[in-house]
Each structure stands twice: as structure tokens, then as C-alpha cells.
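Please work out how this folds:
(one chain, ligands or ions: 1)
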Amino acid sequence: MKTTEGVLEPYGHGGDLWTASARFGVGAGEWIDYSANINPLGPPPQVLEALENGLAAIVNYPDPGHRELKRRLSAKLGVAEDELLIGNGAAECIALALSGLDVRSVGVVAPCFSEYAQLAEAYGAEVRTVVGREENGYRAEPSELDALLEQVDLLFLGHPNNPTGLTYSLEWLREIADLAAERSAYVVVDEAFIDFIAPERRATLLPELRSHPHVLLMHSMTKFYAIPGLRLGYAIAAPELIRKMARKQVTWSVNGLALLAGQACLEPETAAYERRTRELIASERAYLRSEIASRLAWRTWPGEANFLLIELSALWTAERLQEALGPRGVLVRSCAKYDGLTERHIRIAVRGRADNERLLAALEQADGEETLR
Ligand SMILES: Cc1ncc(COP(=O)(O)O)c(C=O)c1O
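Numbering: from 1, shown residues only. As a prediction, this is how the structure comes out:
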């Protein structure tokens with residue numbers, strides 16, 4: 001297994017403005033950050049208001065039972081409160097699945113979010129990797145996954161997957177869930193980016209989760225609601241699994257402001273913001289794909305999330321492109337270190353039109369200079 005640590009990603013993740021600023025001398029507040037996948041609209045106004053009004057409450061401990069947020073999530077999602085675990089980001093929920101379910105071996109389909117393997121190793125679990133085939137959009141075949149499920153306690157599936165943005169069909173998810181049940185393995189379907197897909201177009205096992213007691217769904221509130229600095233996520237699974245995971249959680253790991261922000265995200269008034277976000281991301285993603293194809297002839301994949309996987313032309317490596325864009329104040333994510341990808345793969349976030357124009361101009365300029373070299 002390769003690590004995903006790059007020159008600008010020493011911790012294996014995008015969004016590291018501190019490393020980029022130290023390297024390029026650009027102030028941390030001056031970047032257009034295409035390396036982290038955060039809603040370009042910023043948090044909904046209801047969240048900012050709740051944080052301002054709630055600031056005085058930082059003198060109190062947060063609710064260790066996360067009761068109000070669970071109550072609202074349960075109503076929105078149509079699941080029982082004891083089927084929910086609130087975490088300090090989806091990352092904590094993933095960690096709690098590994099520790100709470102006593103997982104000794106983990107399966108991943110590469111390329112995928114690096115934290116699956118990193119956390120698994122941190123908890124002493126062995127990691128087995130199947131590399132998805134490019135012609136399948138980097139998905140693995142059910143037969144390959146069946147063989148993997150025979151060998152592991154828990155399988156991670158990104159849906160949409162990071163860094164490809166690609167999803168699985170509902171039929172396929174059901175098939176994997178059934179195979180996992182036969183093999184007595186858990187399947188974590190990581191839906192951290194699923195909110196970017198309109199509810200009526202989403203393939204998800206959520207409405208039928210009670211028929212799949214081996215399946216856990218992971219959700220993040222940090223990307224769609226643009227609060228990665230506050231940290232908030234949740235897991236949905238059978239009450240018995242949720243209880244086992246909760247037993248391993250540090251009390252108060254979810255802070256009071258994050259809980260308030262989460263509650264505000266679930267107010268009915270955020271519906272317009274949610275709709276606007278999906279419209280903006282869908283149209284800007286299509287715009288970026290077509291402009292990248294016509295201006296640069298670089299390949300992209302038809303992802304459904306707020307980011308795009310790109311294969312650069314033979315002129316480039318991801319690292320050289322980062323070096324060319326850094327002085328221009330633009331940050332992109334190298335995917336060179338992902339299993340299954342090459343030094344020519346990068347990932348970019350989908351942002352608003354003005355930023356996207358600046359990105360495209362910077363890419364065209366850098367590509368023109370490189371062609372002349
Ligand atoms: C696929 C995937 N899952 C989970 C997470 C963790 O999200 P959070 O910020 O909620 O911990 C990330 C963050 O980048 C991610 O890309």
C-alpha cells in the first residue's frame with residue numbers, strides 16, 4: 001500500500017494551507033483552495049447565527065448524549081435515535097467503527113480516502129487492498145469484493161468515492177450488503193459526500209438499513225455545510241453496533257459549538273441553501289469538465305460529488321503542476337500517491353464561477369509555459 005503523503009500533503013490530506021504557505025510564501029488567507037472539498041457557499045446563515053448566539057455557552061460542557069442533534073437527525077432521516085452516533089467528524093465515526101467493532105482486518109478498494117487504511121493500521125488492523133479497474137471507474141467487481149469479504153472483518157466503500165467522485169448503483173450496494181452478511185463481515189458505506197446528490201437521485205441503503213444489519217453508513221457535515229474546522233459527522237447503523245461504537249467514544253469529543261451548528265443545519269430554513277448548493281455544484285462541475293477538456297485536453301471522470309479527478313497530459317506530473325500553481329495562489333490535490341493512480345493524477349474541488357475562472361486561467365497559463373519549455 002502506498003501512503004498518500006505528498007510534498008503539500010505531509011499528513012496525507014488536502015487543505016493543508018500551512019504547508020503550502022510555508023513553501024510558496026502565500027499568506028494562509030490568500031489561497032484559492034482546490035485541494036479540500038468544501039461547499040464554496042460557506043456555512044448556511046443559520047449556522048453562523050447559531051454560533052454567534054451560542055458563543056456564551058462555551059462555559060458549559062456539551063451534551064454528552066448529543067440529544068437535540070440526534071432528535072433532529074432522526075426526524076430528518078427517518079431512523080431511530082438509537083441508530084445514530086454523533087462524532088467529531090465522519091473521521092471519528094470511522095475510527096469508532098474500527099475500535100468498537102473490534103476489527104482485525106479491513107478491506108479497501110483503491111483509490112480511496114487514505115484515512116480508511118491509516119486508521120485501520122493505527123488500530124492494529126491488517127489492510128487488504130483491491131485496486132479498482134480504470135475501465136470500471138475504479139470500482140471493484142462484486143466477485144473481487146466477495147473474495148475480499150471472505151478475508152476481512154470490515155470493508156470500506158466510498159459512495160461517492162474520494163478521489164474519483166463515482167458512485168455505485170443501488171442493486172450493486174444490495175449485492176455487496178448481502179455478500180457481507182453471508183461472510184459475517186461489516187460494510188461501511190462512506191456517504192460523506194452524498195448530500196451533494198439530490199435526495200431523489202441518490203442510491204442509498206438508508207431506507208432499507210434494517211434489512212442490512214451488517215451495513216454502517218457514515219455521514220459528514222463538514223463538507224456540505226462548510227464547517228470542517230468545527231468537525232461534525234454521524235454514523236447510522238443497527239442499535240447494537242451503535243452501542244458498541246459509543247462505548248469507545250471519549251465523552252465530550254463533539255464540542256458544544258459543533259452541536260449547535262449541526263442543529264442549525266437541520267432547520268427547515270436551510271432547505272433553500274441545500275438546493276442552491278446542489279444546483280451550483282452540478283452546473284460548475286459540468287462547466288469545469290467541459291472547459292478542462294476543451295482548453296487543456298485533460299481527462300476527467302463523471303463524478304457526482306463536489307470534486308473532480310483529473311489525469312494530466314504527459315507534459316505534467318501532479319507535483320510539478322502544484323509547483324507551477326503555488327506562486328499563483330492556487331492549491332490542488334496531488335493524487336500521485338494513491339494506490340491505482342499515477343503521478344499524473346490530481347483532484348480539484350468544484351467552486352463558484354469566479355474562482356473557477358481563476359483556476360482555469362492559471363491552468364492554461366501554466367500549461368502554455370510548460371509547452372514552450
Ligand atoms: C470520503 C471521506 N470520508 C470521510 C471524511 C472525513 O470527514 P470529516 O471532516 O467529517 O471527518 C473525508 C474527509 O475528507 C472524506 O473525504
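
What ranges does the stretch 51-200 of the chain have for its strands?
Listed from the start of the chain, the stretch 51-200 of the chain has strands (DSSP state E, counting those that start in this stretch) covering 84-87, 105-110, 126-131, 154-158, 186-190.

now the stretch 251-373 of the chain
Assignment of strands within the stretch 251-373 of the chain using DSSP E, counting those that start in this stretch yields the ranges 299-300, 307-311, 330-331, 333-334, 345-349.

Minimum distance to the ligand: which of the ones you listed has it?
The ligand lies closest to strand 307-311 among the strands of the stretch 251-373 of the chain, at 8.9 Å (C-beta to the nearest ligand atom). (C-beta placed from N, C-alpha, C; glycine too.)

who does the closest one pair up with?
Based on DSSP bridges, the strands next to strand 307-311 in the sheet, each with its direction, are strand 299-300 (antiparallel), strand 345-349 (antiparallel).

For those, give me CSV that also has mean pLDDT, mean neighbour count and distance to Glu49.
Shown next, in CSV, are those (pLDDT from 0 to 100; neighbours: other C-beta atoms under 10 Å; distance: least, C-beta to C-beta, whole Å):
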stretch, mean pLDDT, mean neighbour count, distance to Glu49
strand 299-300, 97, 16, 37
strand 345-349, 98, 26, 26
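
got the ones you listed as JSON lines, with distance to Thr270 columns?
What follows is the strands paired with strand 307-311, written out as JSON lines (distance: least, C-beta to C-beta, whole Å):
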{"stretch": "strand 299-300", "distance to Thr270": "30"}
{"stretch": "strand 345-349", "distance to Thr270": "21"}
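
The closest residue to Arg328 other than its chain neighbours: what's it in contact with?
Once its chain neighbours are removed from consideration, Arg328 has its nearest residue in Ala362; the separation is 4.6 Å (C-beta to C-beta, 6 or more residues apart in numbering). Contacts here follow C-beta atoms under 8 Å, 6 or more residues apart in numbering; on that basis Ala362 touches 325, 328, 330.

now, which of those residues sits nearest Lys244?
Relative to Lys244, the closest of the contacts of Ala362 is Val330; by C-beta to C-beta it sits at 43.9 Å.

re the thing from before, okay, the strands of the stretch 51-200 of the chain, which one's buried deepest?
strand 154-158 (a mean of 27; mean count of other C-beta atoms under 10 Å).

who touches it?
With C-beta under 8 Å, 6+ apart as the test, strand 154-158 has contacts from 94, 97-98, 101, 103, 105-109, 112-113, 116, 125, 145, 148-149, 164, 168, 173, 176, 180, 185-190, 192.
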